[in-house]
Structure formats: C-alpha cells, structure tokens
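Undergrad: Need the 3D shape of this:
(2 chains)
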Protein chains: 2
Amino acid sequence: MTDGMFLIQDPLDPQRAAELAIEEAANADLADAVRAMVDACVRTRLQPEDVGAVATRVRQLTAELLAVAQEGPLGLEVTSDGRLRDHGNPAVGARNPIAPPLRIIKDAAAGRCETNFDLGAAYEGPPGHIHGGVIALILDQMLGTVPALIGKPGMTASLSMAYKRPSPLGPGSAKAWVESVDGWKTQVRGCLMDAEGRTTVTADGLFIVPKWARDKLSSPQSDAGDFSVPNPGA
Amino acid sequence: MTDGMFLIQDPLDPQRAAELAIEEAANADLADAVRAMVDACVRTRLQPEDVGAVATRVRQLTAELLAVAQEGPLGLEVTSDGRLRDHGNPAVGARNPIAPPLRIIKDAAAGRCETNFDLGAAYEGPPGHIHGGVIALILDQMLGTVPALIGKPGMTASLSMAYKRPSPLGPGSAKAWVESVDGWKTQVRGCLMDAEGRTTVTADGLFIVPKWARDKLSSPQSDAGDFSVPNPGA
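TA: So this is what the prediction gives:
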C-alpha cells in the first residue's frame, strides 16, 4: 500500500522548517543506532546475565524516549520541505528501525523507480536468504511508489509474487514500473534482483486511487522523494 | 518462504539443553526490550539534543552486544528442545525485534494455523493502518507454516494477496489452511482479519518442497511450534 500522500501541503514557515530538519536528522540518527542494535540483538552471543544487563539499560533508555512521545502511530505529518511524511514507514521510514530503510530513486517521467539494499541477519528467512515476506514488503513498497509517480497514488488492490530462485542476504536491488493505466487503476510490475543482477522474484500489482481522494487529488508526492532524480537510468 | 526446517535433530544432552533454554529466554527478553525501543523511536517527541544523547548510549550498548557475536546471520540452529530454530525470523523470531513476534497456533491434524497480533506505530503504512507489505510478511509466514504441518515443508513458489478493505493497526488475527495437495506441491489459502473478525486481506500461495529435501525429509517441524495445540478450533 502507498502511504496516503495525496495532497500538496502549504509550505511551512522557514523557521519551523529549519527546526523540523534538525529534528528529522536527530530522529533518523537514533533510528540508525536502534537498527544496528536490532541486528546485534539477533547476532549476539553474550552470556545470559550480560544480555539481561543490556536489556535493563535498553528499557531505561526507552522510558526516556517515551517521557515525551505521541500516544499512537504517526499518521499524516508534514516534513521540513512541506511534503507529507513517511518517516515511520517500515520499508522506507528514516525514523523506523524496522526499515532497511529503502532509498527509492524515482524517475517520474518514465514511471519507474529503483532501489539498492543490503540486508543482514534481521531479515533472514531460509538460512542465508531473505525472508519471503520481507521480499514482499520491499516489493509492495516499490510497486506502490509507481502509481504516485504518474499522478495516480493508489492503495494496493492486489499484489502477486513469483519466487523464481532464492534471494541471498547481502546486497541486492529492486525496481518497479508502470505496466498499464486504466482511469484510476494502475497495473505495475517489478522485480527483486541478487547481487549479480539476476531476477530472483517478480511481482505484479494493481493499485487504485480511492474514491475519496479523486477530487482532492492535485499532484502526488512522497517523502521518499528525497532521492528523486530526473532520469536515473539515462 | 518457510525457514528450511526439514530434519529432526538428534536430541541435545540435557545439560546443554538447560543452558540453551536460559540463553533463549535472555535473548527473547532482550528482543522484547529492543522491540519496545523500536516503537518508542518512531513515537518519541524528545528534543533533538536529548534524542542524540540516547542514540550515543544505544550505540554503546550495541558495541557491548557485538563484543561476543557471530559474524553473519543465524542460519540453521538447534533449539533447547532439539528442533531447528527460527529465533531470528522477522515474523516469528523470539530474538528478532522486527518480528511482532507472531505466536502461531498450529493444528497439524486439520492442516491449519492461526495467530493473533497487536501491531503498533512501527508497522504503519496508510495513516492508522497496517502497511500492506507487513500484511504480506504476516501472510507469507502464516501460509508458509501450513505445508510443514502436513509433512510437505516447502519454499514459496508464488504468493498472491487481494486487499479487500483497510487493515487498522491494533489487534487483529490471521489464519491459513491447506487448499489442495499435489505431490510435493501444496496450495494454501489464508486471510487477515480486523478486530471485529472481518476479513480485510485474502491470500493464496503455492509451496513446493525443494528437490534436495525430498529424500532427506522425515517429519517437518518448526520452532514456532512452541504454540502447537492438538486442535485449537475444537
């Protein structure tokens, strides 16, 4: 599913935008640190008593973070450059330690996007390989990015994956592109590739702009667009 | 994809099994603590300088965890009760903070399984709703659990999801069951449900036992089987 980014926001005032940029950088840095801790949590071989001592201190730090925190999920937020955020997104979110996070390079003119990633122990399914559901998470995000690029930001209606060969942990890549457009419906294709560029998984998805968004819709955008380039394939 | 649990292991000697049970409990407790930190990382509203101070201490703790750690991903391991592990699995892994973790209740006789979950801010896609790719991760794990229950532990060949309605964050459930069996191929269906029990997403998957595993195959099993019950639906 895409992240519900359907509207251009009014620009923030410059001072608030500058403050927000500093907050975003600090939160992204914390997420990087916690992401490394997630990986260490999977791989550590410390003795149980030492693990317990670390857990106690992790809980103290968590209490500090929660001393000032919002109650529920992030929902819709505006970022420092006035776009709707996806900082909390578990695939691309800069402040979400679950996310690798994917950096998606977008080519709006061509209706395609691509990403490189490097996945470690926390994303393992079959020994030494990426969990099939993590592959689905990556491909859902990639395919869901494409309709917004062509002005049809939609919700996932269906998503199908064909697992052709195992996808090893480590470096890999994914891409997605428009297959066809029919009114508010966009058919998208994509694939995951291993470090040698061999396709390991293919995906097809149908994305539909929700009825409530159709008249509000001006021009779609996503925070992951920090990585937009005019024509990355050129 | 399933986790490649194809063989019954020789039982561990009792002393090593007891030690391993203590290690597993400590690692699961640490993962619980880090999981709460992941959630706090998404939701915190601390000032940037305070966030930075927490990040510094998170990195110190991570260095402690990595002082004794294995180099790569977990791969295949044996657990305290002699089964192959999936502790590191990003959907069900007790020691993986990315995993909710799902507790899968298995009914081997009926060839079905079910799970309840409660997902917070770190799993958000559309505002207030579960990310479509996280739904795919859950359903991949659920559907992939079923073939093993009937002695045909397979790799995902294909997985298709139909998103019928939005899936809110918070409590929900999922189930999966055998649709048909043809030699080493198992067709599985499943669905995700909201707190009111309404189906929000349906899934179909084809799972195939790899050629290399067919003659080695005795009886399949998974560590997520801690939650096996003879007949949960009865």
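Undergrad: helix/strand/coil for the residue most central in space within chain A?
TA: Against the mean C-alpha coordinate of chain A, by Cα atoms, centre = their mean, the closest residue is residue A:92 at 2.0 Å. Three-state call for residue A:92 (DSSP: H, G, I helix; E, B strand; the rest coil): coil.
Undergrad: got it, and the one 5 residues further on?
TA: Following three-state DSSP, the label given to residue A:97 is coil.
Undergrad: wait, it sits on residue A:41?
TA: No - with contact defined as Cβ atoms under 8 Å, residue A:97 and residue A:41 do not form a contacting pair (10.6 Å). Bear in mind the C-beta positions are built from the backbone N, C-alpha and C, glycine included.
Undergrad: Which positions in stretch A:112-121 come out as buried?
TA: A:112-115, A:117, A:119-121 (16 or more other Cβ atoms under 10 Å in any protein chain shown).
Undergrad: sorry, that was for stretch A:153-170
TA: Neighbour-count burial for stretch A:153-170 [16+ other Cβ under 10 Å]: A:153-163, A:166-170.
Undergrad: Next: stretch A:127-143.
TA: Using 16+ other Cβ under 10 Å as the test for burial, stretch A:127-143 gives A:127-143.
Undergrad: May I ask you to name the longest helix in chain A?
TA: In chain A, assigned by DSSP state H, the helix with the most residues is helix A:14-43.
Undergrad: In terms of secondary structure, what does that one contact?
TA: Applying 3 or more Cβ pairs under 8 Å, 6 or more residues apart in numbering or on different chains; DSSP states H and E, one finds that helix A:14-43 contacts helix B:14-43, helix B:48-67.
Undergrad: Residue A:93 against residue A:101, yeah?
TA: Yes - taking contacts as Cβ under 8 Å, residue A:93 lies within contact range of residue A:101: 5.9 Å.
Undergrad: can you give me the end-to-end distance of stretch A:153-173?
TA: End-to-end span of stretch A:153-173 (Cα to Cα, to the nearest Å): 23 Å.
Undergrad: so which of the buried residues of stretch A:112-121 would you say is closest to chain B?
TA: When the buried residues of stretch A:112-121 are compared for distance to chain B (Cβ to the nearest Cβ), residue A:121 wins out at 3.9 Å.
Undergrad: Quick check: longest strand in chain A by residues?
TA: strand A:170-182 (DSSP state E).
Undergrad: hmm, that strand touching chain B?
TA: No - using Cβ under 8 Å from any Cβ of the partner chain, strand A:170-182 stays clear of chain B, with a minimum separation of 9.3 Å.
Undergrad: re earlier: could you list which of the buried residues of stretch A:127-143 also contact chain B?
TA: The subset of the buried residues of stretch A:127-143 within reach of chain B, by Cβ under 8 Å from any Cβ, is A:127-129, A:131-134, A:136-141.
Undergrad: Keep only those of those that are in helices.
TA: Taking DSSP H, the ones among those that sit in helices are A:132-134, A:136-141.
Undergrad: Just send the residues you listed back as a markdown table, with pLDDT too.
TA: Shown next, in a markdown table, are these (pLDDT from 0 to 100):
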| residue | pLDDT |
| --- | --- |
| A:132 | 95 |
| A:133 | 96 |
| A:134 | 98 |
| A:136 | 97 |
| A:137 | 97 |
| A:138 | 98 |
| A:139 | 98 |
| A:140 | 96 |
| A:141 | 95 |
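Undergrad: Now for those: which two are most distant?
TA: A:132 and A:141 (15.3 Å; Cβ to Cβ).
Undergrad: which stretches of chain A have low pLDDT?
TA: Applying pLDDT under 70 to chain A flags the ranges A:1-11, A:76-85, A:216-234.
Undergrad: Need the residue in it that's farthest from the chain's center.
TA: Of all residues in chain A, residue A:49 has its C-alpha farthest from the mean position, at 35.8 Å, by Cα atoms, centre = their mean.
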